[in-house]
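**Student:** turn this into a model:
(one chain, ligands or ions: 1)
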Amino acid sequence: MKFFVDTASLDQIKEAKDLGILDGVTTNPSLMAKEGISGKQNILNHYKAICDITTGDVSAEVISTDYAGIVEEGKRLAEIAPNIVVKVPMIKEGIKAISHFTNVGIRTNCTLVFSAGQAILAAKAGATYLSPFMGRVDDITWDGVGLIAEIAEVYAIQGFDTEILAASIRSAKHIVDAAKNGADVVTCPLNAILGLLKHPLTDIGLAKFLADHKKANS
Ligand code: G3P
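**Tutor:** Next comes the predicted model:
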């Protein structure tokens, strides 16, 4: 399973890369705004800065919601670097644009996905990645991991090539649940990934090893 970090923070992306576990990056308009990135050229420059850090796939989301606008924006984003993946929302105009991008060889990430039905549409359009938002489903007490499992089952039955990119991850447990239920990729804040490190028995065991070593070598 691939690990993407879901952030526009260059520091967080660098930290993930230094860990040696970074396979890619996803951003969205809210994450870009959180980093204070605004203005067309600044936004393009920021995506370039991310692509200078990692050769892994970097999802850059369009703002347009009409076909012509999505296509124009997507072409401009794809020209930034070969590892740019154009992120397109699950709307009718977006599906039409993803189909176009598929035909011209531009890779895409269909985002804001919340149902298996939407996932089938995205795969039919040829999306490279599909972003079902596990966390936001759980946030309203629905079954986020069940969404991943249902999509994975449908994709396996139908032989779809679109990669399931479990998104809106809230915790290390979400990562494990996504891995157990067929996600190809998880994208999350670095803290969720670092949460995988934590276990009290590891801490207790290491402390005892070091204490025993110190005792034997003092
Ligand atoms: O970037 C897409 C998705 O990961 C957003 O997650 O935390 O805003 O629900 P979140």
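**Student:** please, where are all the strands along this protein?
**Tutor:** 2-6, 24-26, 57-61, 84-89, 108-113, 129-132, 163-166, 185-188 (DSSP state E).
**Student:** residue contacts, the spatially closest residue to Lys198 that is not a sequence neighbour?
**Tutor:** Leaving out its chain neighbours, the residue that sits closest to Lys198 by C-beta to C-beta, 6 or more residues apart in numbering is Ala172, at 7.3 Å. Placement of C-beta: from N, CA and C, glycine included. The contact partners of Ala172, taken as C-beta atoms under 8 Å, 6 or more residues apart in numbering, are Ala192, Ile193, Gly195, Leu196, Lys198.
**Student:** those, buried ones only, as a ChimeraX selection?
**Tutor:** The buried residues among the contacts of Ala172 can be selected in ChimeraX (16 or more other C-beta atoms under 10 Å) with this line:
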select :192,193,195
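**Student:** just the ones of the contacts of Ala172 in helices?
**Tutor:** Taking DSSP state H as the definition of helices, these contribute Ala192, Ile193.
**Student:** hang on, the earlier thing: please identify the deepest-packed of the strands of the chain.
**Tutor:** Most buried of the strands of the chain, by mean neighbour count (mean count of other C-beta atoms under 10 Å): strand 129-132, with a mean of 29.
**Student:** send me it as PDB with only the CA atoms.
**Tutor:** Provided in PDB are the C-alpha atoms of strand 129-132 (Å, rounded to 0.1, in the frame of the first residue of the first chain):
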ATOM      1  CA  TYR A 129      -7.000   7.400  -8.600                       C
ATOM      2  CA  LEU A 130     -10.300   7.500  -6.600                       C
ATOM      3  CA  SER A 131     -10.500   9.400  -3.400                       C
ATOM      4  CA  PRO A 132     -13.300   8.100  -1.100                       C
END
